[in-house]
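[1] any chance you could fold what I've pasted below:
(chains A, B and C)
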Amino acid sequence: MRALSRLKLWRCAKVGARVEVRGHVYVIGGGLIEVGDDVLLDGHLVPVELHAEPGAVLVIGHGCVLEGGVSLEAQERVELGPGCRLRAFSKVMDNHFHPVVGARHVRPPSKPVKLEAGVELGERAIVLPGAWLETNVRIGPGVVIGRHVKAGVSLVGSPPHAELHDASLRDASVPEVRP
Amino acid sequence: MMVALMELVDWVGLHVPALRRARTAVAMARSHLALAGCEVGKRVLVHGTLQLERHGRVVVGDRCVFVAGPFPTAVHVGRGGTLEVGPRCYFNYGAQLEVHDSVRLGERCMFGSYVRVTDAPGAPVVVGNDVWVAHGAVINAGVTIGDGAVISAGSVVSQDVPAGMLAMGNPARLMSQQLSSPGGDHG
Amino acid sequence: MAEVVASRLRSWIQDTFFVEGFSDSDSFLKNRLIDSTGMMELIAFIETGFGFRAEDAELVPDNLDSIDNLVRYIARKQGGLRACAG
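    Numbering: from 1, shown residues only, chains lettered A, B, ... in the order given. Purely as a prediction, here's the structure:
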């Protein structure tokens, strides 16, 4: 099983110990992809996509779990810290691929994305270029976020609003909880 | 067997620049297979899997492209339904078009991965020219989207979007496209 | 009153987007302080915080793209609400 998993990730530059791939993983782009120890890529219903363009870096930290339909796209750098959990069909990308205004086929600059340890993305959540999600941030299902989020904050809804779920990580500048 | 061979040529062509022409040729051939029974324009390219269930009319304009990916693109047209896709439209993988009455897509539109467009009887969908629908957005029945509009990633659109506007959120709100950052921001 | 509104806006923007060192007249967009998804959060904040619903046609940079613009916009909306109530 483990040997088959490593075979499925043959296009990755580095694959850690005890990595498990269930079903299919779609690895494309030719960039640098590093998969840490004890990572689970669960593509048995829908493939997981790992996409790093030439020159880009995609890092999946130790113990991360990526459910089916998850898509990680790096044009420059996408980094997942240890223990991140990305639920079904969530997406992380460091480039918008098209500008809203101007020539639509001219690719805009990339903005690296970082998810620190223990971040959770809900189903169909979308993490946009430039996002930095600190430790233990929870992004709710369907939330679209592209900015810095402080440790311990949960974001839900559209537009996203904060709910504090980890009081031990609270500091004075955490946004107020909405009634 | 033929599909597997096409997949192999597609993959090789993707990674070996010298074989790009072969990849294009395969994609064109694939379009005729995948869109059999449809009115297909010139140089339509189907990379990867396109699942078509057709009980109505399907028109695909010249130079449309369906991109390959981890999830097939799906087109379902019910009895009496009509899907019209304008020239030079681009569909990323996982796009879903479900037609019961009428879905009309203009020219040069771009549909991101996992976009879903659904009409309903008596509630057609009309998308203008040069519209960009970003990843994961949902266009609901009865919606008209004007030329040049942008639908932000993950948005759910249930009201008309005038030309040139930016629709964002769930439910999507409308705002000026000038509210996107200069230098690259799809919203 | 305008100073109170500006202060409240600045505080929320700093806390939410982790940006500092910008003046009341600085464009959020040109200075990349807030992007379009951030604008949605800003709109929700001013609607909830200042008690009005922004019309789609009002969601333009002239109303939203700096603290000065926001203060003027909020004043107009709240003035309009008071006129209706009166």
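
[2] can you give me the helices for chain C?
    Ranges of helices in chain C, per DSSP state H, are C:2-17, C:36-50, C:61-64, C:67-85.

[3] okay, these, which one's buried deepest?
    helix C:36-50 (a mean of 21; mean count of other CB atoms under 10 Å in any protein chain shown). Yep, even glycine has a C-beta here, placed from its N, CA and C like the rest.

[4] can you name every helix or strand that that helix contacts?
    Applying 3 or more CB pairs under 8 Å, 6 or more residues apart in numbering or on different chains; DSSP states H and E, one finds that helix C:36-50 contacts strand B:165-169, strand B:172-176, helix C:2-17, helix C:61-64, helix C:67-85.

[5] list the contacts of the fourth one.
    Which is helix C:61-64. B:176, B:178-179, C:27-29, C:39, C:42-43, C:54, C:69-70, C:72-73 (CB atoms under 8 Å, 6 or more residues apart in numbering or on different chains).

[6] who touches residue A:5 in this structure?
    Residues in contact with residue A:5, defined by CB under 8 Å, 6+ apart, are A:19, A:20, A:21, A:41.

[7] what about the closest residue to it other than its chain neighbours, helix or strand, and which?
    Nearest non-adjacent residue to residue A:5, counting by CB to CB, 6 or more residues apart in numbering or on different chains: residue A:21, 4.0 Å away. Using DSSP states H and E, residue A:21 sits in strand A:20-28.

[8] what pairs with the next helix or strand after that strand, parallel or antiparallel?
    Next helix or strand after strand A:20-28 toward the C-terminus (DSSP H and E): strand A:32-35. When pairing is defined by DSSP bridges, strand A:32-35 lines up against strand A:14-15 (parallel), strand A:57-60 (parallel).

[9] about what we covered before: widest-spaced pair of the contacts of helix C:61-64?
    Farthest-apart pair in these is C:27 and C:54; separation 18.7 Å (CB to CB).

[10] more neighbours: which of those two?
    Counted by other CB atoms under 10 Å in any protein chain shown, residue C:27 and residue C:54 do not tie: residue C:54 has more neighbours, with 19 against 15.

[11] now do the contacts for that one.
    Counting by CB under 8 Å, 6+ apart, residue C:54 touches C:43, C:46, C:47, C:63, C:77.

[12] for residue C:64, see how far away the last one is.
    Yep, that's residue C:77 we're talking about. Going from residue C:77 to residue C:64 by CB to CB, to the nearest Å gives 12 Å.

[13] what's the answer for the first one, then?
    Distance, residue C:43 to residue C:64, by CB to CB: 7 Å.

[14] same check on the second one?
    Look at residue C:46 and residue C:64: by CB to CB, they are 8 Å apart.

[15] between those two, what contacts are shared?
    Common contacts of residue C:46 and residue C:64, defined by CB under 8 Å, 6+ apart, comprise residue C:70.

[16] residue A:76: how many residues sit nearby?
    Counted with other CB under 10 Å, the neighbours of residue A:76 add up to 18.

[17] swap in residue A:62?
    The tally of other residues near residue A:62 (other CB under 10 Å) stands at 19.

[18] part of a strand, is it?
    No: assessed with DSSP: H, G, I helix; E, B strand; the rest coil, residue A:62 is coil; it does not lie in a strand.

[19] what sits against it?
    A:16, A:36, A:37, A:38, A:39, A:82, A:83.

[20] so what's the residue of chain A found nearest chain C up against?
    Here chain A gets closest to chain C at one residue, residue A:159, 3.9 Å apart by CB to the nearest CB. Applying CB under 8 Å, 6+ apart to residue A:159 gives the contacts B:169, C:37, C:40, C:41, C:43, C:44.

[21] what sits closest to residue 37 if chain neighbours are left out?
    Looking at chain A here, since you left the chain open. Excluding the flanking residues, the one nearest residue A:37 by CB to CB, 6+ apart is residue A:16, at 3.6 Å.

[22] wrong chain, I was asking about chain C
    residue A:146 (4.9 Å).

[23] residues contacting that neighbour?
    Residues near residue A:146 by CB under 8 Å, 6+ apart: A:127, A:128, A:129, A:130, A:131, C:35, C:37, C:38.

[24] so which of the residues you listed comes closest to chain B?
    Taking CB to the nearest CB as the measure, chain B lies nearest residue C:35 of the contacts of residue A:146, at 4.7 Å.

[25] what does chain C have sitting close to chain A?
    Contact residues (CB under 8 Å from any CB of the partner chain) of chain C with chain A: C:12, C:15-18, C:35-38, C:40-41, C:43-44, C:48.

[26] same list (these) but as a markdown table, adding pLDDT.
    What follows is the residues of chain C next to chain A, written out as a markdown table (pLDDT from 0 to 100):
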| residue | pLDDT |
| --- | --- |
| C:12 | 95 |
| C:15 | 92 |
| C:16 | 93 |
| C:17 | 93 |
| C:18 | 91 |
| C:35 | 87 |
| C:36 | 86 |
| C:37 | 90 |
| C:38 | 93 |
| C:40 | 93 |
| C:41 | 94 |
| C:43 | 95 |
| C:44 | 94 |
| C:48 | 94 |
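
[27] tell me which of these is nearest to chain A?
    Taking those together and measuring to chain A by CB to the nearest CB, the closest member is residue C:40, at 3.9 Å.

[28] right, and the closest one touches residue B:173 too?
    Yes: at 7.2 Å, residue C:40 counts as touching residue B:173 under the criterion of CB atoms under 8 Å.

[29] show me the shaky parts of chain C.
    Regions of chain C meeting the criterion pLDDT under 70 cover residues C:81-86.

[30] re the thing from before, confirm the residue of chain A closest to chain C sits in a strand?
    No: Residue A:159 is assigned coil when assessed by three-state DSSP, not a strand.

[31] any idea of the pLDDT on it?
    Looking at residue A:159, its pLDDT is 91.

[32] apart from its chain neighbours, what residue comes closest to it?
    Of all residues not flanking residue A:159 in the chain, residue C:40 sits nearest, at 3.9 Å (CB to CB, 6+ apart).

[33] contacting residues around the most centrally placed residue in chain C?
    In chain C, the residue lying closest to the centroid (CA atoms, centre = their mean) is residue C:70, at 3.6 Å. Contacts for residue C:70 (CB under 8 Å, 6+ apart) come out as C:5, C:9, C:42, C:46, C:63, C:64.

[34] just the closest of those residues to chain A, please.
    Using CB to the nearest CB, these come closest to chain A at residue C:42, 8.7 Å.

[35] give me the residue at the spatial middle of chain A.
    With distances taken as CA atoms, centre = their mean, the residue of chain A nearest its centroid is residue A:92 (4.5 Å).
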